[in-house]
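give me a model of this one.
(chains A and B)
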Amino acid sequence: MKKEFIKETHHSVTLNVTAGKIDSFRELEKTTGTVRVYENGCIGIAGCLGEPDEDALTKQAIEALSFGIPYPCALDGALELTVDETKDIIKVSELIPTMQTFLDRLGKLCPKFAFSNKIILSDYTSEYRNSEGRHLVSKGNSFAISLIAQNRGSGNLFDTFLSWDGKEFDPDKVLAYFKEQYDAFFTPVDIEPGRYPVVSAAEELYGRFLQHFVGDLYAAGASLLSGKLGEKVFSDKLTARDDMNPKTAYGACFFDAEGCVEKDFRPVLVENGVLKALLTTKKTAQQYGLPNSESADAPYDGVPGIGFHGLYFDPTAKTLKELVPGKAVLMVIASGGDATPDGHFATPVQMSYLLEDGVVKGRLPDISVSGSFFDMMGKDYVGAVRDVPFKDAAFIAVTMDVTKG
Amino acid sequence: MIQFKDGFYADIRIEDRSRTVISYKAGMLEEMKNRKEKQAFLRVYDGKLWYYASVTDVEHLQKTLDGLYAAATANPGILEDPVVRRFEKNRDSISSFADCSVRDVPLKDKQALLLNYLPILSEESSVALPAGTYLDRNSKFRFLSSLGADICYDYQTCGLSFSFNMAEGDKKFAGHWQTGATRFEELVGLEETLRDAVREQAYFLRNSVQVEAGKYPVVLSPMAAGVFAHESFGHKSESDFMLSDESMKNEWQLGKKVGSPILSIAECGSVPGSGFVPYDDEGTKARKNYLIKNGVLAGRLHSAMTAAVLDEDLTGNARAIDCTFEPIVRMTTTYIEGGELDFDELIAPIKKGYFIKTINHGSGMSTFTIAPSLSYEIVDGKLGRPVQISVITGTVFETLGLIDGLTRDVELLSFVTGGCGKMEQMGLPVGFGGPYVRVSSMNVQ
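Now for the predicted structure:
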């Protein structure tokens, strides 16, 4: 009988911040185990919280075959690979004093802001084995400072976020980076309604369109992309991948829930504007005759399903100035937008900055941005960059209609 | 028997959760499982810091508790701490679902219920990808504290969720319908309701037109009004947001006029449904709290910590999504109270406006947004064509002041998928609802 065994361990220490002071310490360790077995075209699954007893789970998984859940047995072959991206970041025993000192300095640098929310130090290990000789181990850790900033006296629940995640925590650099945003926040600027490049994290602008990349919808003809696999449908400049590479996606596991490993750990969806793949599992790939995107996800006791880990766009420029010369909008908080069934997208932008030649000039009033699916990924796609003012993360730029309010 | 130590406050929350998921897509069984989990969350407070631990090993809670005690510093005056003094010492046992637990319904009966409904989706020719899910949850909670609180209660939801992506030529529409209940038998006999929902959405696919963006009078259904109340004002009433900025207390003084005089928003954990929380996760008994009464700020939601800092009463709103997280201030069931009109009277004065019947999602900050799913024109006081709207938005306080009509009847809704998200804790079950609500002007895009 073909079999897969998966064990995942996640450990985190979380500090809660209220009014700039640490007021709680939470330690969490969570281990889960999964066994999947395959027989006669069906899958049987058993999972547990806590240290897994593989023999007991295997017995339960065999019993679960009686549910008759159809699933192809298509286990990948032998491969031994361990990727360990664990770095020395900060010792747990030093976390409270180090971060309270950091918060005290931040409070002095940014006196008009009241800070709250979380600081999280976490590490994980994911292990996958199957009966074909495949054995994969992904380990890593991450450190995230995620602070809500309230402009004192604004009456708002939050006015902006100051956040940083990485593996080389240099308090001076992070403080300088937060101070830059603080200064921009208190420099009001304006913009005339019109069409501008809008710079944003990719998920903010494209997240609502991900459903059109789902293999089931594509095959059913219910996706705006249906029938276009292999065709050039977007801008030549656009190459989009699912980022499972722990070097750029902190905390990511490099293999998917079915033990698939993609080159560079970044399965491609669109390459130079050509639709290369849809989001699939091994089941839906086989069912609909699609290439497997190798990005499945699964709960510890459930059938693998469509997964998506994070958008990665191949950079088209080295600097923000090169990407968006002239005026542009840097979108920081855009909550509540959506797309109509035919792909028209609109969202209010609660927090944004004006960029001029890649430099932050100040904070814009509330605006709205809008565009349509094929234009936003087609003629209006400007490009992507990993060098941005505040953060070493991927940002994209799309020309959109910008209106006030 | 747990041994609590002097010099500290401590509490333990244990959840024994059973959850069933059965799902089909395109006629094929996709998932069938019954997950049983037992977890505990422990808290120790020494007057300066809270120390938390989440464990799956519920047989050795004393060991985990002792580990937290070792990290904290004993405080002889802990019982006089203003937070500790707020905690209630309730001792109670509530068993609302012992006679109808979904744990006792055989898996094959749940599967048969779902299979009975699935063919209805395929009766409509435009449905390209029919899918349905049966979900249930039964939880048994126990709460113990060093002050002597000892509470047991149970919680139950069950429901059906259907999605039916539709396609006809270039027209696409993501159809969906779901219902939530607290008893399995409430999910039987809903064939015509589901059939009507599918037909209406197919009509929308074929006949909806793009909205003309602008400012219009808008009528919100109980679903949209409930989400509006939750997003626009409920989150603002969660008083943990007031702890960091002292000026917030002045900005949000009780008694301040914040909305139309016909508007009252209430919040209550004892309402049956997905927001049912007879005792919160700090052992506080549920009670009805007004957030807005007759347009005036009447109250806010609290944990013991926020009640102590703001010197206000407990409200029963300290909640966690599960025993992985600490309780924070959250909503339970939030709703707008009813008015004096019926639906026809509500839309009669509108020359041109829109009716938001169902929604995809909503969010709220200084401006709120609602992303509608099914919307209709209102022309000369009558419902007209279906319209595609990306989003409706407004400034929260301006919009609260522009509410100028409410129907008499209030509908409270429970859902079995989704839920409320707040920072790291996503998907908390909540209830919401209200009457049909007329707003004299909103931005429609």
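
distance of A:His11 from chain B?
11 Å (Cβ to the nearest Cβ, to the nearest Å). In this view, the C-beta of every residue, glycine as well, is placed from N, C-alpha and C.

just list whatever residues bridge to that residue.
With DSSP bridges applied, A:His11 shows beta-bridge pairing to A:Glu29, A:Asp123.

tell me, how many residues neighbour it?
16 (other Cβ atoms under 10 Å in any protein chain shown).

residues in contact with it?
The contact partners of A:His11, by Cβ atoms under 8 Å, 6 or more residues apart in numbering or on different chains, come to A:Glu27, A:Leu28, A:Glu29, A:Lys30, A:Ser122, A:Asp123, A:Tyr124.

give me the lowest-pLDDT entry from those.
Scanning these for pLDDT, the smallest score is found at A:Glu29, 88.

I figured that residue hits A:Thr9, correct?
Yes - applying Cβ atoms under 8 Å as the test, A:Glu29 and A:Thr9 come out as touching, 7.2 Å apart.

strands along the stretch 101-250 of chain B, start to end?
Listed from the start of the chain, the stretch 101-250 of chain B has strands (DSSP state E, counting those that start in this stretch) covering B:127-145, B:150-168, B:171-181, B:209-210, B:214-220.

one step back: and the buried ones among the contacts of A:His11, selectable in ChimeraX?
Only the buried entries of those go into this ChimeraX selection, using 16 or more other Cβ atoms under 10 Å in any protein chain shown:
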select /A:27,28,30,122,123,124
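
between the contacts of A:His11, which sits nearest A:Leu175?
Distance to A:Leu175 across the contacts of A:His11 (Cβ to Cβ) is lowest for A:Ser122, with 22.2 Å.

what sits against the spatially closest residue to B:Ile403 that is not a sequence neighbour?
Beyond its immediate neighbours in the sequence, the residue positioned closest to B:Ile403 (Cβ to Cβ, 6 or more residues apart in numbering or on different chains) is B:Ser260, lying 4.3 Å away. For B:Ser260, the contacting residues are B:Gly295, B:Leu400, B:Gly401, B:Leu402, B:Ile403, B:Asp404, by Cβ under 8 Å, 6+ apart.

switch to 7 Å and redo it
Contacts of B:Ser260 were listed using Cβ atoms under 7 Å, 6 or more residues apart in numbering or on different chains, and they are B:Gly295, B:Leu400, B:Gly401, B:Ile403, B:Asp404.

what about the helices in the chain?
Just so you know, I chose chain A. With DSSP state H applied, chain A shows helices at A:54-64, A:92-109, A:171-185, A:202-206, A:215-220, A:282-288, A:320-323, A:373-376, listed in chain order.

that answer is for a different chain, and I need it for chain B
B:61-71, B:82-86, B:107-121, B:191-207, B:222-228, B:248-251, B:304-310, B:343-347, B:396-401.

relative to A:Ser66, which of these is closest?
The closest approach between A:Ser66 and any of the helices of chain B, judged by Cβ to Cβ, belongs to helix B:107-121 at 10.7 Å.

next, the angle from the closest one to helix B:191-207.
Counting by axes from the mean of the first three to the mean of the last three Cα atoms, to 10 degrees, helix B:107-121 points 40 degrees away from the direction of helix B:191-207.

residues of the stretch 51-200 of chain A that sit close to chain B?
By Cβ under 7 Å from any Cβ of the partner chain, the residues of the stretch 51-200 of chain A that approach chain B are A:67-70, A:114-118, A:150, A:152-153, A:155-157.

nearest to chain B among the contacts of A:His11?
A:Leu28 (5.0 Å; Cβ to the nearest Cβ).

how is chain B carved up into domains?
Structurally, chain B divides into domains by automatic domain parsing as follows: B:9-207, B:214-444.

so does the first one get close to chain A?
Yes - with Cβ under 7 Å from any Cβ as the threshold, domain B:9-207 lies in contact with chain A, specifically through B:25, B:28-33, B:35, B:37, B:49-54, B:56-57, B:128-129, B:165-167, B:172-174.

show me which of those residues are buried.
Taking 16+ other Cβ under 10 Å as the criterion, what is buried in these is B:25, B:29-33, B:35, B:37, B:49-54, B:56, B:128-129, B:165-167, B:172-174.

now do the contacts for the nearest residue to B:Ser122 once chain neighbours are set aside.
Nearest residue to B:Ser122 in three dimensions, chain neighbours excluded: B:Pro130, at 5.5 Å (Cβ to Cβ, 6+ apart). By Cβ under 7 Å, 6+ apart, the contact list for B:Pro130 reads B:Ala26, B:Leu118, B:Leu121, B:Ser122, B:Phe164.

hey, what's the closest residue to the first one other than its chain neighbours bridged with?
Closest residue in space to B:Ala26, ignoring its immediate chain neighbours: B:Leu129 at 6.1 Å, by Cβ to Cβ, 6+ apart. In this structure, B:Leu129 has the following beta-bridge partners (DSSP bridges): B:Asn165.

what sits closest to the residue in the stretch 251-400 of chain B positioned nearest to chain A if chain neighbours are left out?
When you check the stretch 251-400 of chain B against chain A by Cβ to the nearest Cβ, the closest residue turns out to be B:Thr369, at 2.5 Å. Computed as Cβ to Cβ, 6+ apart, the closest residue to B:Thr369 that is not its neighbour in sequence is A:Gly336, at 2.5 Å.

and if you look at A:Ile45?
Counting by Cβ to Cβ, 6+ apart, A:Arg36 is the residue found nearest to A:Ile45 once chain neighbours are left out, at 5.1 Å.

any idea how many residues pack against the nearest residue to B:Thr417 once chain neighbours are set aside?
Closest residue in space to B:Thr417, ignoring its immediate chain neighbours: B:Ser161 at 5.0 Å, by Cβ to Cβ, 6+ apart. One way to gauge burial is a neighbour count; for B:Ser161, by other Cβ under 10 Å, it gives 20.

any idea what B:Ser161 is bridged to?
Applying DSSP bridges to B:Ser161, the residues it is bridged with are B:Thr133, B:Gln178.

list the contacts for it?
With Cβ under 7 Å, 6+ apart as the criterion, the residues that contact B:Ser161 are B:Thr133, B:Leu135, B:Gln178, B:Val416, B:Thr417.

of the residues you listed, buried ones?
A residue is treated as buried here by neighbour count (16+ other Cβ under 10 Å); on that basis the buried members of those are B:Thr133, B:Leu135, B:Gln178, B:Val416.

wouldn't the last one be in contact with B:Thr157 here?
Yes - using Cβ atoms under 7 Å, B:Val416 is in contact with B:Thr157, at 5.7 Å.

need the residues touching each of those two.
The overlap between the contact sets of B:Val416 and B:Thr157 (Cβ under 7 Å, 6+ apart) consists of B:Gly180.
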